[in-house]
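In: Could you work out the structure for the sequence below:
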Amino acid sequence: MIPKTFTESIDLGDGRIITIETGKLAKQADGSAVIRLGNAMLLATVVSARKASPVDFLPLTVDYREKFASAGRFPGGFFKREARPSNDEILTMRLVDRVLRPLFPKDYHAETQVMIQLMSHDDDVMCDALAGLAASTVIQLSDIPFEYPISEARVGRIDGKFVINPSRTQLEESDIDIMIGASEDSVAMVEGEFDEISEEEMVEAIKFGHEAIKVQIAAQIRLAEAVGKKATREYEQEESDDAIAAKVNEAAYQKCYDIAKSGSSKQERGEKFGLVKDEVIALFSEEEQEEKGHLISKYFSSTQKEAVREVVLAEGKRLDGRQTDEIRPIWCEVDYLPSTHGSSIFTRGETQALATVTLGTSREANIIDSPSHQGEENFYLHYNFPPFCTGEARPLRGTSRREIGHGNLAQRALKKVMPDNCPYTVRIVSEVLESNGSSSMATVCSGTMALMDAGVQIRKPVSGIAMGLISDGERYAVLSDILGDEDHLGDMDFKVTGTEDGITACQMDIKIKGLSYEILVKALKQALDGRLHILEKLVATIAAPAEDVKPHSPKMVTRRIPNDYIGALIGPGGKVIQELQKETGCTIVINEDPETEEGIVEILGTSAEGIDAVLAKIDSITFKPEKGATYSVKVIKMLDFGAVVEYIEAPGNEVLLHVSELAWERTENVSDVVNMGDVFDVKYFGVDPRTRKEKVSRKALLEKPEGYVERPPRRDNNRRDNRGGDRNRNRNRD
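Out: Alright, predicted model coming up:
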């Protein structure tokens, strides 16, 4: 029996319709739905355990996977099955997680898993923009406690007009690519990249996306009501004790307040807070400490947070003594590592990033192979966050989702200023050596300087800053260049990057409801001042890109050749190109351009002589003399009926100079006119239709002797014999 299904539609306003269907698939999950746009279909499910996990946080997992079968493709690799998630899948998981996580009750600690799977792909649909809608919908269809529905939407701008959920092709023409996550009342998450837009334009894009999100949220509510909205499940409440909370607050608040306004360093501040906590714990008996120790720690953290926030709101002072719009001291250095192609150090307060740049050929491009996207990245950035940068010792378990997300943000910020005609594949690696607030923005700054140090001709330098917010609903303070503690204790983490002319990337997470656009605009304006201040420090260290790459860095030269010559350059079994690379010390990569039917030859080497030798070989292979032109040649072989000569400008290209073309006078011996090694000019006549061979002449460039009489052309014995044979055959037929 076919199950009963329920469907809701969302009109995107341009003829495209999103449909949400539930009741047909995955009915044992707490909530399930299929979201469809065009031929793209996402299956989303949510399951949450009935018992709380022993941890003191929400163990939420958001998983987004793209099935290769959705695009009619086989997975790569030996095992031919989907394995670890790609970077794009991880980035989508983060986009959804960041909006969902704050909306679960703070005391809800049940293991919860949201799974979103791409089951059918459409080239015109970017499904990451539908993942937030899918996740929120299945939670609304379940009995899992959740504050209110949300959704996400991507906004592009093409020819000055905003577009909701544009396709990948449309994004190539767009100067805005921003993802917005929001509830009906307020924006919760923003992430995107831009072609140096203004703060006002960014706010307009967010507003446009928010209006579309409201329509998607209304559809979720209608669907849940049609299905029959389930009552929220009962769950095990977190233990609490008002008496302990009051005792901790009374003993610790003022002491924490005084420490918060003392302007001490991170380490000193941590030690002082630790001593206060020990004093508070000592106020309780050993039995209370054993039974209620976790509550004492919890209430102390709450008291500390309350005190720190009040210092900022009441006195305008921050943990390290700065004013709200003050940037920490900055120092920078370039060319720090002698053997890299480019390097720089950026240090802001207690945050430090060391960036390196490596230059390579297209062979080093980052290959993207997923069901929804195939391509190459010739510019990419990797971000590493080792435990020592925060004074910790913990196991290394591969690249974290956080590292992938922060690296992607920095990459998006810098790729907007990369030169269009950059011949290299460029890789930046940011090693975070110290961290106390916004290491991703330090990565942008160090990456900018490393690119310029490497001689990459970026259009403009880029700087970045992280903004924070503390608000009690009535009062608020926007904080520039936030510390790690301010990120943890505050209500907003807003990272903005850009040049002196506009924004190139942003990432924003908001932890409070109803952030007004007034506060958002203020944060953006304050961020602009901070960005420009940091930019001055970068430019003071290195004002412009180096005119050339470093002496030990590879130089890149590209040459286009007709496709017909690619085989000759490679040689049988790759013999020619391999020997050429060995002789010159260069790396040679050949790619075909299907649009122009040409081969693109990339030559990468540290030796100018080696590169010149490769270019000379290419010129030799692709040399094609022009009819009527004059060329210098050298005699390389003597024959009875002429001399084999080699073109001086294209060594290896030979042609026969017939004895009859040596001189106007009759020549009996070739050596009477030329000898081995002689260099002289010849005229090129193209292919002789009679002999079907290339013809060159020395005598054509000499004056005719006085009284010279042209001899009659020789009879072609072969043609005469053939004609005789034809006559004999005809006679025999008769």
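
In: For stretch 62-79, measure first residue to last.
Out: By Cα to Cα, to the nearest Å, the extent of stretch 62-79 from end to end equals 25 Å.

In: which residues of the stretch 501-650 of the chain fall in helices?
Out: Remark: helices assigned in the stretch 501-650 of the chain by DSSP state H, counting those that start in this stretch are 517-541, 566-570, 575-584, 608-621.

In: Show me the strands in the stretch 601-734 of the chain, by range?
Out: Using DSSP state E, counting those that start in this stretch, the strands found in the stretch 601-734 of the chain span residues 630-639, 642-647, 654-658, 679-688, 693-697.

In: Could you export the ones you listed as CSV, including distance to Val55 and mean neighbour count?
Out: (C-beta placed from N, C-alpha, C; glycine too.) Shown next, in CSV, are those (distance: least, Cβ to Cβ, whole Å; neighbours: other Cβ atoms under 10 Å):
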stretch, distance to Val55, mean neighbour count
strand 630-639, 81, 16
strand 642-647, 78, 21
strand 654-658, 79, 19
strand 679-688, 83, 15
strand 693-697, 82, 17
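
In: Nearest to Arg309 among those strands would be which one?
Out: Arg309 lies closest to strand 642-647 among these, at 80.7 Å (Cβ to Cβ).

In: Check which helices and strands the closest one sits against.
Out: Strand 642-647 sits against strand 630-639, strand 654-658, with contacts defined as 3 or more Cβ pairs under 8 Å, 6 or more residues apart in numbering; DSSP states H and E.

In: okay, those in TSV with mean pLDDT next?
Out: Formatted as TSV, the helices and strands packed on strand 642-647 follow (pLDDT from 0 to 100):
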stretch	mean pLDDT
strand 630-639	93
strand 654-658	91
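
In: Let me know which of those strands is the nearest to Lys292.
Out: Nearest of those (Cβ to Cβ): strand 654-658, 95.4 Å.

In: can you list contacts of that closest one?
Out: With Cβ atoms under 8 Å, 6 or more residues apart in numbering as the test, strand 654-658 has contacts from 633, 636, 639, 641-647, 674, 682, 693-698.

In: Tell me the confidence at the closest residue to Gln578 other than its chain neighbours?
Out: The spatial neighbour of Gln578 that comes closest, neighbours along the chain excluded (Cβ to Cβ, 6 or more residues apart in numbering), is Gly571 at 7.7 Å. pLDDT recorded at Gly571 is 90.

In: what about Gly571, neighbour count?
Out: By other Cβ atoms under 10 Å, 14 other residues sit near Gly571.

In: Would you agree it is in contact with Ile577?
Out: Yes - between Gly571 and Ile577 there is a contact under Cβ atoms under 8 Å: 6.1 Å.

In: How much space separates Leu337 from Ser430?
Out: Using Cβ to Cβ, to the nearest Å, Leu337 is found at 13 Å from Ser430.

In: Looking at these two, which is more packed in?
Out: Ranked by neighbour count (other Cβ under 10 Å), Leu337 and Ser430 place Ser430 first, with 30 against 16.

In: Spell out, range by range, the strands that occur in the stretch 201-350 of the chain.
Out: Using DSSP E, counting those that start in this stretch, the strands of the stretch 201-350 of the chain run over 330-334, 342-348.

In: And the contacts of the first one?
Out: Pointing back at strand 330-334 there. 342-348, 445-446, 449-450, 452-453, 534, 537-538, 540-542.

In: For PyMOL, what selects the buried ones among these?
Out: Buried residues within those, by 16 or more other Cβ atoms under 10 Å, are selected in PyMOL with:
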select buried, resi 342+343+344+345+346+347+348+445+446+449+450+452+453+534+537+538+541+542
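
In: now for the helices and strands packed on strand 642-647, which one comes closest to Gln507?
Out: Evaluated with Cβ to Cβ, the helices and strands packed on strand 642-647 place strand 630-639 nearest to Gln507, the distance being 61.7 Å.

In: quick check: angle from that closest one to strand 679-688?
Out: Comparing the axes of strand 630-639 and strand 679-688 via axes from the mean of the first three to the mean of the last three Cα atoms, to 10 degrees yields an angle of 90 degrees.
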